[in-house]
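Participant: structure for the following, please:
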Amino acid sequence: MGSEGPKAITIHVTGFKKFLGVSENPTEKIANNLKSYVEKRGLPSGLSLGCCTVLETAGEGAKSQLYQVLESSVVVSGDNKNTIGTVVWLHLGVNSGSTKFAIERQAVNEAHFRCPDQLGWQPQRLPIVVEDGSILKAKETSCSTESIFKSLKSKGFDVVQSDDAGRFVCNYVYYHSLRFAEEKGHKSLFVHVPLFSKIDEDTQMQFVVSLLEAIAATC
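Facilitator: All right, here's what the predicted structure looks like:
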């Protein structure tokens, strides 16, 4: 029998559009430019970049769009389900008050928006998924955040690990994505980035590619 090559890993990336207080979301630009950036730089063998999508910065009103995007990664391959390899969803969001990158270890089943989302929804202490029960329920990523953190630190990036993705749209999307990933056997990770005025665009693009490589190395 021939030896098997490296396990195929596909990472799909999402960013967000603008929202109240953030007229230019860096994650929109990152998601839109990532494919061309990766084509010039290249990725390690076995790692491929899947779809790069910019999501509406909204919760309930944009949930159908979110699930259309997530479902696009599900490949029906008959009885051989291993042919697609590992699927990872990487969600990027902005923390306008931060000067560091933040790897989010979990999401909480609570929607408590400090301001209306882009479609005018402003839930207060509501469960994101009612059937999951309490707003205190949390879902953790199955990605090795510690290994990813160490890899990025070793490359000189100013990065931290976080257990609080907020209660706004970022947490809302992350919770749904983690739930979807559990059901489909995929992986999901959310990372907050600063504004370009805090960390410039080129450094952020380098960071995201290094992040893709770090995720792949742990899968």
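Participant: from here on, just use CA atoms for contacts and neighbour counts.
Facilitator: OK.
Participant: my guess is Pro44 contacts Ala214. True?
Facilitator: No. Pro44 lies out of contact with Ala214 (C-alpha atoms under 8 Å); the separation is 10.5 Å.
Participant: okay, those two: which has more neighbours?
Facilitator: Ala214 (19 against 10; other C-alpha atoms under 10 Å).
Participant: how close does that one sit to Gln65?
Facilitator: As judged by C-alpha to C-alpha, to the nearest Å, Ala214 and Gln65 stand 28 Å apart.
Participant: Leu34: neighbour count?
Facilitator: For Leu34, using other C-alpha under 10 Å, the count is 18.
Participant: please work out which residues outside the helix or strand hosting it touch it.
Facilitator: In the assignment (DSSP states H and E), Leu34 maps to helix 26-41. By C-alpha atoms under 8 Å, 6 or more residues apart in numbering, the residues outside helix 26-41 that reach it are 13-18, 49, 52-54, 92-94, 193-196, 201, 204-205, 209.
Participant: and what about the residue nearest the centre of the chain, helix, strand or coil?
Facilitator: Centroid-nearest residue in the chain, with C-alpha atoms, centre = their mean: His91, separated by 1.5 Å. Under the three-state scheme (DSSP: H, G, I helix; E, B strand; the rest coil), the conformation of His91 reads as strand.
Participant: pretty sure it sits against Gly15.
Facilitator: Yes. The criterion here is C-alpha under 8 Å, and His91 meets it with Gly15 at 6.3 Å.
Participant: where does pLDDT dip in this structure?
Facilitator: In the predicted model, the chain carries pLDDT under 70 at residues 1-7, 75-84.
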